[in-house]
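Novice: here you go, sequence then predicted model.
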Amino acid sequence: MSERDVVDPLAMRRTMSRFATGVAVITALDGGQPHGMTVNSLTSVSLDPPLLLVCLTTGARTTEAVLNAGRFAVNILSARQEEIALRFAKRGVDHFEGLPLHYGRHRVPVVPEALAHLECTLERQFQGGDHTIIIGHVEQASDRVGAPLAFLAGRFGDVVERGSEPEHWFF
Ligand SMILES: Cc1cc2nc3c(=O)[nH]c(=O)nc-3n(C[C@H](O)[C@H](O)[C@H](O)COP(=O)(O)O)c2cc1C
């Protein structure tokens, strides 16, 4: 095998942070306990079948909950839910403490007032370095019109719509 250069992890994080994303919370119920984690590694994979992926820190409580439960919800946050994003990014605390519990189908906990919800069953999992790549099969999708919460260069932000559209949907 040829030798490979190794990029500094902080340089990689900084460089990837130029890729603007939305913000979502992954939620799952494990042994009666709800768990959730803020993510921005969410990507649509396929429409037929309907698949998405998310990369979760291996060993984190929400990752274990998703793997144990075999199902999870993706809650896409609105511009008004920065506090929710911060709450579900705190390490080692009970993320649901003091929050009213809402459930989707199959008793998956969901974040109320999110811009969109996708309920998934666990289709496949892969190890990708220090993260677990979770492929979800989407069983339920709902959304509402509203402004999303954005994340760019390590900060939350707002999206300014330009109104122009690509000529063709590309997937
Ligand atoms: C905007 C943002 C995006 C994040 N994206 C991810 C992600 O895609 N995958 C991940 O594993 N952690 C991500 N994190 C970190 C987790 O939210 C955080 O480590 C986790 O909620 C801590 O929970 P724990 O106590 O269960 O480990 C992100 C944090 C923020 C603020």
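Specialist: Yes, it's here.

Novice: near the ligand, which residues of this protein are found?
Specialist: 23, 37-41, 55-57, 60-62, 85, 88-89, 91-92, 131, 151 (Cβ under 6 Å from any ligand atom). In short, each C-beta sits where N, CA and C put it, glycine included.

Novice: whichever of the residues you listed end up buried, select them in ChimeraX.
Specialist: The ChimeraX selection below is limited to those of the residues of the chain next to the ligand classed as buried (16 or more other Cβ atoms under 10 Å):
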select :23,37,38,39,40,41,55,56,60,61,62,85,88,131,151
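
Novice: in helices, which of the residues of the chain next to the ligand fall?
Specialist: 61-62, 85 (DSSP state H).

Novice: going by distance to the ligand, which of those wins?
Specialist: Distances from the ligand to those, taken as Cβ to the nearest ligand atom, are shortest for Arg61 (3.8 Å).

Novice: against Phe96, how distant is that closest one?
Specialist: 11 Å (Cβ to Cβ, to the nearest Å).

Novice: flag the shaky bits of this structure, pLDDT-wise.
Specialist: 1-2, 170-171 (pLDDT under 70).

Novice: again, 80 this time
Specialist: 1-2, 167-171 (pLDDT under 80).

Novice: how about the helices in the chain?
Specialist: Using DSSP H, the helices found in the chain span residues 9-16, 61-69, 82-87.

Novice: give the other helices and strands that the last one contacts.
Specialist: Counting contacts by 3 or more Cβ pairs under 8 Å, 6 or more residues apart in numbering; DSSP states H and E, helix 82-87 packs against strand 33-39.

Novice: off-centre distance for the strand it packs on?
Specialist: Relative to its parent chain, strand 33-39 has a centroid offset of 10 Å by Cα atoms, centre = their mean, to the nearest Å.

Novice: now do it against helix 61-69: the angle between them, please.
Specialist: 120 degrees (axes from the mean of the first three to the mean of the last three Cα atoms, to 10 degrees).
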